[in-house]
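Chemist: Below are the sequence and a predicted model; questions follow.
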Amino acid sequence: MEIPPPSGPQHPQGQPQGPYPPPGQPQGPYGAYPGQPQGPGPGPGPYGYQPWGHGYSPYNTPAPVNGLAIAALVLGILCFLPLVGLVLGFFALAQIRKKGERGKGMAIAGMILSGIGAAILALALATGGAAEFWDGFQEGAREASENGAIFSVDEGECFDTPGGSLEGMAYDVDTVSCEEEHDGEVFANFKMASGSYPGDSEITEAADDKCYTLQYAYAMDTWAIPENVDIYYFTPTRDSWSLGDREISCLFGNVDEKGSLTGSLRQDETTLDADQLTYLKAAQVLNEAMESAPEEEYVEDDLPGHKEWATRVSAAITEQLGMLRGHDWPADAKDPVAALVKDLDKAQGEWSAAAKAADADAFYEHFDKALELTGAEKTVTTRKALGLASTPPESHEGDGGGEAGTGGGTGGSGAEV
């Protein structure tokens, strides 16, 4: 370690330096650094300065700052416990006068700020603002606890992921306009029940079940969903679950996990007119019934289950007919809707007969006729009149009764979806 030379003017090398002995002179008994003798200190320098060392200070020690003054200022700035800040300010002034300490300005400033805080507090209590603030604070704390400080995306928002992929872990996303190219679009959010972490498989199963169902409330016209769109979801991890994260976000993304989408897929009450909504809601009644088919694809393997399914479909068509007949359609759509109603009425009779079939052959006979009456091509004219997508998705092409028959399956129904 280097020891700095004494302060003040330095003499040229080799010349005596005031009271300090030149190198090589005897030193004190304590083994001090070279050139730093110990023992009695040197006398006054030639200019009367007091030499450094031996406990002396170059300046007088300033008076200490009063601690209560500091506390009063801090409480005043924070507007925290303003009455306490006022009291501390008064005590600080008294101690400063008595002990000669510093901090008078701090104490006065703290008292002024605390006085302002007390006035604001009194006003808030009188007008109910404090209650509103506390309610807002509690709500914010509750939301933070529920979300576990994990990022979330709202229904209808489009976003990009930092890695440009919807696979793997996501720690954050960047919200962008849906009109721009984006990685995903949120169509629903839902929360899982509280409790211990249920495991990855149970969370994935819940996401699969609900997201595929909730998509229809957001994108009601499935014909308008491009073929390159698939469903993804954000789910809690074990770590985020421990922080209170229970939210699952359902997303539309590209079939290619690194691909992108452009434009919103939203088609609901916010984007459709009353005629379009009525038609799509009526169609969805039949869609849900058709999707409730038994797990056994072949009627021979579960005739009772298929007959129960036919009963559900028959009831759904009856409800659908009531919705279509009860709406006042625009002039351009009246005839197409009337033709659709006529076909649906016949289909309802076939489904009703299938529900009473004595065997699998009889069931298939009515099932085939029903599919011919509710095939996707039967709805194209109505859709055009209502301004909806009128090109059936590839998954519907070839649907109808043509592939069904004795010994055939009931999967891939040709109902309007």
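Modeler: On my side now, so go ahead. Numbers count the residues shown, from 1 in each chain.
Chemist: neighbours of Pro294, just the number please.
Modeler: Using other Cβ atoms under 10 Å, Pro294 has 17 neighbouring residues. All C-beta spots, glycine's among them, are computed from the backbone N, C-alpha and C.
Chemist: now Leu88
Modeler: So Leu88, with other Cβ under 10 Å, has 26 neighbours.
Chemist: which regions of this protein lie under the pLDDT threshold?
Modeler: Within the chain, the ranges that satisfy pLDDT under 70 run 1-63, 75-76, 78-83, 86, 128-151, 395-417.
Chemist: mind giving me the domain split of it?
Modeler: 67-127, 158-262, 274-403 (automatic domain parsing).
Chemist: Make JSON lines out of these and add distance to Ser152.
Modeler: Formatted as JSON lines, the domains of the chain follow (distance: least, Cβ to Cβ, whole Å):
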{"stretch": "domain 67-127", "distance to Ser152": "31"}
{"stretch": "domain 158-262", "distance to Ser152": "6"}
{"stretch": "domain 274-403", "distance to Ser152": "28"}
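Chemist: Check which element follows the host helix or strand of Ser249 along the chain.
Modeler: Element membership for Ser249, per DSSP states H and E: strand 247-254. Remark: after strand 247-254, the chain's next helix or strand is strand 261-262, criterion DSSP H and E.
Chemist: residues making contact with whatever helix or strand comes next after that following strand?
Modeler: Next in sequence after strand 261-262, counting helices and strands by DSSP H and E, comes helix 274-290. Helix 274-290 has contacts (Cβ atoms under 8 Å, 6 or more residues apart in numbering) with 216, 220-221, 267, 269, 272, 312-313, 315-317, 319-320, 323-324, 327, 329-330, 333, 337, 374, 379, 382-383, 386-388, 413, 415-417.
Chemist: Direction included, what does the strand holding Ser249 pair up with?
Modeler: Taking DSSP bridges as the criterion, strand 247-254 forms sheet pairs with strand 184-191 (antiparallel), strand 229-234 (antiparallel).
Chemist: can I have the longest one written out in PDB, keeping just the CAs?
Modeler: Spelled out, it's strand 184-191. The C-alpha trace of strand 184-191 is given here as PDB (Å, rounded to 0.1, in the frame of the first residue of the first chain):
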ATOM      1  CA  GLY A 184     -51.700 -15.500 -32.400                       C
ATOM      2  CA  GLU A 185     -55.100 -14.100 -31.600                       C
ATOM      3  CA  VAL A 186     -56.800 -14.700 -28.200                       C
ATOM      4  CA  PHE A 187     -60.400 -15.900 -28.500                       C
ATOM      5  CA  ALA A 188     -61.100 -16.800 -24.900                       C
ATOM      6  CA  ASN A 189     -59.700 -16.900 -21.300                       C
ATOM      7  CA  PHE A 190     -60.900 -19.100 -18.500                       C
ATOM      8  CA  LYS A 191     -59.600 -20.000 -15.000                       C
END
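Chemist: give me every residue that touches Gly295.
Modeler: For the record, residue 295 is Glu, not Gly. Glu295 neighbours (Cβ under 8 Å, 6+ apart): Asp302.
Chemist: is it fair to say it lies in a helix?
Modeler: No - counting by DSSP: H, G, I helix; E, B strand; the rest coil, Glu295 is not part of a helix but coil.
Chemist: For it, give its distance to Ala310.
Modeler: Distance, Glu295 to Ala310, by Cβ to Cβ, to the nearest Å: 16 Å.
Chemist: go on, Leu73?
Modeler: Separation of Leu73 from Ala310 (Cβ to Cβ) stands at 81 Å.
Chemist: try Leu68
Modeler: Counting by Cβ to Cβ, the gap from Leu68 to Ala310 is 86 Å.
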